[in-house]
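Peer 1: coords please:
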Amino acid sequence: MKKELLRNIFTAPNVLSLSRILLVPVFLVLILKNRTFFALIVFFIASATDFLDGYIARRSSQVSKLGQILDPTGDKLLMATGFIVLTLTSLGYQNTLPVWLTAVVIGRDVVIVIGTSIIFRMTRVRQIHVTFLGKLSTTCQMGVLLLVLLFNWIEITPWYLVVFYYLTLGLTILSGIQYGVIGVDMLKKKRDGSGSSR
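Peer 2: Down below sits the predicted model:
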């Protein structure tokens, strides 16, 4: 029984998600100490686990309740840490993220977390599936962080970096709107269902 419980907890996807969470403070320390190359490598590895854990979970049918908590937690911690520290001009990096982009990315996540909590409380829904636009937005966010880290390491500022800023902004806003529409639709169905049962 105990072995079975441990086997269900320490699945490959859960271990990957947990490793992503543990890599966040490592990445933060490296950034603060201006170890750009190693920060880039750590962030790349952490980002790779985000794609691997979901892929393995689906292919091996190892989706678990713990994994559904660890996976988004690791994502939010990694993304929030990356965007915040790479916005700080005081660290002296050649390339920094614009404040408006970081504000939108983190603001969208905060709104989604609050909205999801409301939906969970008011409906029987316990999981909101990630949309294609949501995945694309996350991929773009990770990509722009990797680019900033890379360009800081090789010490260049290409003109097209700002294009990625606006692309990330657009996808983040659109995915936020999409999740908002999905959430409102769920609450409407709950309200209509309650009204029809009276």
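Peer 1: so what's the residue nearest to the spatial centre of the chain scoring on pLDDT?
Peer 2: In the chain, the centroid-proximal residue (C-alpha atoms, centre = their mean) is Asp75; its distance is 3.4 Å. Per-residue pLDDT puts Asp75 at 87.
Peer 1: got it, and the one 4 residues further on?
Peer 2: The predicted local confidence for Met79 comes out at a pLDDT of 93.
Peer 1: Just give the closest residue to it, not the sequence neighbours.
Peer 2: Leaving aside its chain neighbours, Met79 sits nearest to Gln141 (5.9 Å; criterion: C-beta to C-beta, 6 or more residues apart in numbering). Placement of C-beta: from N, CA and C, glycine included.
Peer 1: next one: Leu70
Peer 2: Distances taken as C-beta to C-beta, 6+ apart place Ser17 nearest to Leu70, at 3.7 Å, with adjacent residues excluded.
Peer 1: So which bits of the one helix or strand that neighbour maps to are buried?
Peer 2: Applying DSSP states H and E as the criterion places Ser17 in helix 12-32. For helix 12-32, a neighbour-count test (16 or more other C-beta atoms under 10 Å) marks 13-18, 20-21, 23-24, 27-28, 30-31 as buried.
Peer 1: Check stretch 94-112 too.
Peer 2: Asn95, Thr96, Leu97, Leu101, Thr102, Val104, Val105, Ile106, Arg108, Asp109, Ile112.
Peer 1: pull the CA atoms of that stretch into CSV?
Peer 2: Listed next in CSV are the C-alpha coordinates belonging to stretch 94-112 (Å, rounded to 0.1, in the frame of the first residue of the first chain):
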residue,chain,number,x,y,z
GLN,A,94,22.3,44.8,-21.6
ASN,A,95,18.8,43.7,-22.4
THR,A,96,15.8,44.0,-20.0
LEU,A,97,12.2,43.3,-20.4
PRO,A,98,9.8,46.3,-20.6
VAL,A,99,7.8,46.8,-17.5
TRP,A,100,4.5,46.9,-19.4
LEU,A,101,5.2,43.3,-20.8
THR,A,102,6.0,41.9,-17.3
ALA,A,103,2.9,43.6,-15.9
VAL,A,104,0.6,42.1,-18.5
VAL,A,105,2.1,38.6,-18.2
ILE,A,106,1.9,38.5,-14.4
GLY,A,107,-1.4,40.4,-14.3
ARG,A,108,-3.0,37.9,-16.6
ASP,A,109,-1.8,35.0,-14.5
VAL,A,110,-3.1,36.6,-11.3
VAL,A,111,-6.5,37.2,-12.9
ILE,A,112,-6.6,33.6,-14.2
